[in-house]
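Asks: below is the sequence, then the predicted model.
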Amino acid sequence: MIEPKFSRIMAKVLSGEATMEEKVEIMEWANASEENNKLFKLSEIAWKEIKTKVKIDQSDAVFDNIQNTIDKKSKSGYETRMTGMLIKSGWRRAEYFAAAVVVLILAVSVVFYSQTDTTHEAVENNEQWVHKVNAKGEKLKVFLSDGTVVWLNGESSLSYRKPFSTNKRHVILSGEAYFDVAHDPQNPFSVKTGNVTTTALGTSFNIKAYSDEEFIDVDLETGKVLVSLSEPSNESQVFIEPGERIRYNKTDSKMVVSKFNPLHELCWKDGILSFENAHFEETIKKLSRWYGVKFEIRNGEKNKQEWSYTARFKNDYLSSILEGMSFTKKFDYTINNELVTITFR
């Protein structure tokens, strides 16, 4: 078995959450041999590329599950090649632990589970509010007291009164979130996004409402929801059924019902990055939010207009995606910390 303590300390050092004693412990191990030092540096490079982090409760249980996966792969002769260095299960014990950390980062999951707190509290109009805020490249799983579970995507925020009332279930969303609402017919659950309010009794749905995008989308997976528009010149209500989307156009204030592909639209909460006939701006914006990076584009006017991209990625890191994309889209790229430069040929 992989020692959980070693792997957790290594991950905490890489993420900047380690104590001074933990940092000393890892540095002493890294300086013990040239191979250890190489592995540590490789781990640092890999960690910097991985920007998507999921913060949830019970992170220890999740981490243990990932480590069990590593164990199974190592016993079956699993190996992975990274930057010309081959890591396999026949190494000495301490080196194997470090290799497992790198495998954890690069091969098993690019999602790091943390208990970092992103909660801010404020008093507004004599009421106390909780604000859950996610930066780019982060995801957060929120458990509300009524039993509702919320997956909050990157560059998004969720606000609700404290304490969260089971008889007045109301939240405010900016960005994107998936809701699995606890069933309570007597107390509807409502989500407000700008002028659009989505109301449910007990159902599961996704809302995408980024402030810099033209549309607000409500995608219903199960149950039934009521989507209401509240504007001085336009007040309307629409019910949608499972598999249906209601799209609100911020420009003309119209709501349109259509079908949507749940395999594409809802997979983000399961760590799957999906593109479906995405144009250039959509592709870059999604990569930016997913990995927490900024893009600089050079010589791209013609290529951007002809761009259409379809692909799905699970547990891939940014350079791997860009490497494959660069062949078909004919561009070169560089990654410098949080800046990605794309130069079309």
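Replies: On my side now, so go ahead.

Asks: surely L287 touches M325?
Replies: No: L287 lies out of contact with M325 (C-beta atoms under 8 Å); the separation is 9.2 Å. Every residue, glycine included, has its C-beta placed from N, CA and C.

Asks: which residue ranges of the stretch 51-200 of the chain form helices?
Replies: 59-75, 93-103 (DSSP state H, counting those that start in this stretch).

Asks: next up, phi/psi of the nearest residue to T197 once chain neighbours are set aside, please.
Replies: Nearest non-adjacent residue to T197, counting by C-beta to C-beta, 6 or more residues apart in numbering: S228, 4.6 Å away. Dihedral pair for S228: phi -120, psi 140, per degrees, to the nearest 10.

Asks: partners of S228 in the sheet?
Replies: According to DSSP bridges, T197, Q237 are recorded as the beta-bridge partners of S228.

Asks: and it, how close does it get to T198?
Replies: Here the criterion is C-beta to C-beta, to the nearest Å. By it, S228 lies 8 Å from T198.

Asks: before we move on, what about R169?
Replies: Distance from R169 to T198, by C-beta to C-beta: 12 Å.

Asks: overlap in contacts of these two?
Replies: Residues touching both R169 and T198 (C-beta atoms under 8 Å, 6 or more residues apart in numbering) are S190.

Asks: residue contacts, the residue nearest to P185 when sequence neighbours are not counted?
Replies: Leaving aside its sequence neighbours, P185 sits nearest to L201 (C-beta to C-beta, 6+ apart; 5.1 Å). Shown in contact with L201 (C-beta under 8 Å, 6+ apart): V181, H183, D184, P185, P188, F189, G223, K224.

Asks: how many other residues sit next to S288?
Replies: Burial of S288 is recorded as 19 neighbouring residues (other C-beta atoms under 10 Å).

Asks: report the contact partners of it.
Replies: S288 makes contact with K136, K294, F295, according to C-beta under 8 Å, 6+ apart.

Asks: host element of it?
Replies: Assigned by DSSP states H and E, S288 belongs to helix 280-291.

Asks: quick check: buried residues in that helix?
Replies: Within helix 280-291, the residues scored as buried using 16 or more other C-beta atoms under 10 Å are F280, T283, I284, K285, K286, L287, S288, R289, W290, Y291.

Asks: which intervals of the stretch 151-300 of the chain have sub-threshold pLDDT?
Replies: Along the stretch 151-300 of the chain, segments meeting pLDDT under 70 span 231-235.

Asks: where exactly do the strands run in it?
Replies: Here the stretch 151-300 of the chain has its strands, by DSSP state E, counting those that start in this stretch, at 157-161, 169-180, 189-193, 196-200, 204-209, 215-222, 225-231, 234-240, 244-249, 254-259, 272-278, 294-298.

Asks: to L42, which of those strands lies closest?
Replies: strand 272-278 (23.5 Å; C-beta to C-beta).

Asks: what residues does that closest one touch?
Replies: Strand 272-278 has contacts (C-beta under 8 Å, 6+ apart) with 261, 263-265, 267-268, 282-283, 286-287, 290, 307-314, 316, 321.

Asks: please pick the buried ones from these.
Replies: Buried subset of those (neighbour count, 16+ other C-beta under 10 Å): H264, E265, W268, T283, K286, L287, W290, W307, Y309, F313, D316, I321.

Asks: from those, which is closest to K38?
Replies: Among these, and counting by C-beta to C-beta, the member closest to K38 is D316, at 23.5 Å.

Asks: Provide the secondary structure category for the closest one.
Replies: For D316, the assignment made with DSSP: H, G, I helix; E, B strand; the rest coil gives coil.

Asks: who has more neighbours out of S228 and T198?
Replies: T198 (25 against 17).

Asks: from F344, how far out is the residue nearest to the more buried one when sequence neighbours are not counted?
Replies: Leaving aside its sequence neighbours, T198 sits nearest to V191 (C-beta to C-beta, 6+ apart; 4.7 Å). Here V191 is placed at a distance of 40 Å from F344 (C-beta to C-beta).

Asks: neighbour count for these two, which is higher?
Replies: Legend: neighbour count by other C-beta under 10 Å for V191 and F344, higher for V191 (26 against 16).

Asks: list the contacts of the residue nearest to T197.
Replies: Counting by C-beta under 8 Å, 6+ apart, S228 has contacts V196, T197, T198, T199, E235, S236, Q237, V238.

Asks: quick one: buried ones out of those residues?
Replies: V196, T197, T198, T199, V238.

Asks: JSON lines for these, including distance to S157?
Replies: Converted to JSON lines, the buried ones among the contacts of S228 look like this (distance: C-beta to C-beta, whole Å):
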{"residue": "V196", "distance to S157": "16"}
{"residue": "T197", "distance to S157": "17"}
{"residue": "T198", "distance to S157": "16"}
{"residue": "T199", "distance to S157": "20"}
{"residue": "V238", "distance to S157": "25"}
